[in-house]
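# Build me a structure from this.
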Amino acid sequence: MSLMVPKLNQRSREILRQIIDAYLQTGEAVGSRTLSQRLGVELSPATVRNVMSDLQDAGLLYSPHVSAGRLPTEAGLRFFVDGLLEVGRLTEDEQASIESQCAAQGRNPQKTLEEASRVLSGLSNHTSLVVVPKTDVRLKHIEFVALGPERAIVVLVTDDGAVENRVIDIPVGLPSSVIVEATNFLSARMVGKTLEEGQAQIAAELHAHRQELDFLTQRLVEAGMATSASDGESSVLIVSGTERLLDDVQAVEDLERVKALYGALETKESWSWLLDATKSGEGVQIFIGAEDELFNLTGCSVVVAPYTNSKQQIVGAIGVIGPARLNYARVIPVVDYTAKVIGRLVG
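Numbers count the residues shown, from 1 in each chain. I've put the predicted structure just below:
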């Protein structure tokens, strides 16, 4: 996402770049004297102050206090990311590490995505997330397995190899024959169908032929249907490293913003918009603050990239979320390469 800003001459661009580089490293405002030393050229603090004032008038910098130095605005950060940032490169060892850790999960897409999320969080030192659209995968196997006198597991295996185990409550002393009957009933009607298709058929049959199943089997079938039901969201969110959200908290207002973001991640509010956003551009996308309502409230940024299947269709997105002063030069190549790796592995 780019922003219309005034054209800057080379001196202004370099001063802006140095201010933002320093801010990303320290989180502190940068004064003209410090900046003139960083520049390493014959520019007086007075000259630097004049340029900083022009950059502030252009909406790229602001002064947090009357006598303080300058900090970048969100517009300034966007200008930096779009035109001044020098993106780093991953070493061959880092690339090999990402590939080996993600590939270690075999052909299980869910495990691979979870591992990719953990790897990305570790390499970036920030919270990572993977947004996966819910697809119309078909059920390959369904089975009830008793855990004890009051609980059972519903085992769901889909045709893409994903396995999901969900615990349900069962009546005390439920005979094993009822568990077998419920498994057979669901298998006959759900295997080969999407969950939604199978649930619709079973609901209709239970309504029309309830008398053909005994009461306990009905209860177990209904419990199995309920636990395999879609939660209504259009995407699934995998998050790693939420504790890292606290790493950059420096004030009470920072903590309040992080709590709001943490709540959104914990409740897994719909993040499908992020996946949609990656489809509108190519490669890595960066959202800063007010460019999204949630990030505007939390003062955060996200660096996200889509991953594609073998047909080069976008099937998901992976990214890093953190403070506006992310180490973009480091995070961007890590996100980009990880997205390419999981595209090859799960696409």
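# The residue nearest to Asp54 when sequence neighbours are not counted: which element?
Counting by CB to CB, 6 or more residues apart in numbering, Ser12 is the residue found nearest to Asp54 once chain neighbours are left out, at 6.7 Å. The C-beta positions use only the backbone N, C-alpha and C, and glycine is treated the same way. For Ser12, the element it lies in under DSSP states H and E is helix 10-26.
# Check the offset of that helix from the chain's centre.
29 Å (CA atoms, centre = their mean, to the nearest Å).
# Give me the mean pLDDT for that helix.
Helix 10-26 shows a mean pLDDT of 92.
# could you point out which element follows it?
Following helix 10-26 in sequence, per DSSP H and E, is helix 32-39.
# At the geometric centre of this structure, which residue do we find?
Leu129 (2.4 Å; CA atoms, centre = their mean).
# Bridged to that residue, which residues?
Following DSSP bridges, Leu129 is listed with bridge partners Val239, Gly319.
# Next up, the contacts around it.
Contact analysis of Leu129 by CB atoms under 8 Å, 6 or more residues apart in numbering lists 117, 237-240, 265, 271, 318-321.
# swap the cut-off to 7 Å and go again
117, 237-239, 319, 321 (CB atoms under 7 Å, 6 or more residues apart in numbering).
# got it, and Ile153?
With CB under 7 Å, 6+ apart, Ile153 has these contacts: 145, 147, 165-167.
# got JSON lines for those, with distance to Ile20, neighbour count and pLDDT too?
Formatted as JSON lines, these follow (distance: CB to CB, whole Å; neighbours: other CB atoms under 10 Å; pLDDT from 0 to 100):
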{"residue": "Val145", "distance to Ile20": "56", "neighbour count": "11", "pLDDT": "87"}
{"residue": "Leu147", "distance to Ile20": "55", "neighbour count": "12", "pLDDT": "85"}
{"residue": "Asn165", "distance to Ile20": "48", "neighbour count": "10", "pLDDT": "78"}
{"residue": "Arg166", "distance to Ile20": "48", "neighbour count": "14", "pLDDT": "78"}
{"residue": "Val167", "distance to Ile20": "50", "neighbour count": "10", "pLDDT": "81"}
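# So which of the residues you listed sit within strands?
Counted as lying in strands by DSSP state E, out of the contacts of Ile153, are 145, 165-167.
# from those, which is closest to Ala204?
Nearest to Ala204 among the ones in strands among the contacts of Ile153: Arg166, at 22.9 Å, using CB to CB.
# Test my guess that that closest one contacts Arg151.
No - using CB atoms under 7 Å, Arg166 is not in contact with Arg151; the gap is 10.9 Å.
# Ala339 is in what secondary structure piece?
helix 328-346.
# Contacts for that helix next, please.
Residues outside helix 328-346 that contact it (CB under 7 Å, 6+ apart): 81, 85-90, 95, 98-99, 102-103, 109, 112-113, 116, 119-120, 123-124, 283-284, 303-308, 318-320.
# Please, where are all the strands along the chain?
61-62, 71-72, 127-133, 139-146, 151-158, 163-169, 235-240, 285-288, 300-308, 314-323.
# pLDDT on the third one, on average?
Model confidence over strand 127-133, given as mean pLDDT, is 86.
# same check, this time on stretch 302-311
Here the average pLDDT along stretch 302-311 is 88.
# hang on, the earlier thing: enumerate every residue touching the residue nearest to Asp54.
Counted by CB under 7 Å, 6+ apart, Ser12 has contacts 51, 54-55.
# follow-up on the earlier one: what's the most distant pair in the ones in strands among the contacts of Ile153?
Maximum distance among those (CB to CB): 11.0 Å, for Val145 and Arg166.
# Next, the buried residues of stretch 105-125.
105, 109-124 (16 or more other CB atoms under 10 Å).
# pull the CA atoms of that stretch into PDB?
Backbone C-alpha positions of stretch 105-125 (Å, rounded to 0.1, in the frame of the first residue of the first chain) are rendered in PDB as follows:
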ATOM      1  CA  GLN A 105       6.300 -32.400   9.800                       C
ATOM      2  CA  GLY A 106       5.900 -34.600   6.700                       C
ATOM      3  CA  ARG A 107       2.800 -34.300   4.600                       C
ATOM      4  CA  ASN A 108       0.500 -33.100   7.300                       C
ATOM      5  CA  PRO A 109      -0.600 -29.600   6.200                       C
ATOM      6  CA  GLN A 110      -1.800 -28.500   9.600                       C
ATOM      7  CA  LYS A 111       1.400 -29.500  11.400                       C
ATOM      8  CA  THR A 112       3.500 -27.900   8.700                       C
ATOM      9  CA  LEU A 113       1.700 -24.600   9.000                       C
ATOM     10  CA  GLU A 114       1.900 -24.700  12.800                       C
ATOM     11  CA  GLU A 115       5.700 -25.300  12.600                       C
ATOM     12  CA  ALA A 116       6.100 -22.600  10.000                       C
ATOM     13  CA  SER A 117       4.400 -20.200  12.400                       C
ATOM     14  CA  ARG A 118       6.700 -21.200  15.200                       C
ATOM     15  CA  VAL A 119       9.800 -20.800  13.000                       C
ATOM     16  CA  LEU A 120       8.700 -17.400  11.800                       C
ATOM     17  CA  SER A 121       8.100 -16.200  15.300                       C
ATOM     18  CA  GLY A 122      11.500 -17.400  16.400                       C
ATOM     19  CA  LEU A 123      13.400 -15.900  13.500                       C
ATOM     20  CA  SER A 124      11.600 -12.500  13.700                       C
ATOM     21  CA  ASN A 125      11.300 -12.300  17.500                       C
END
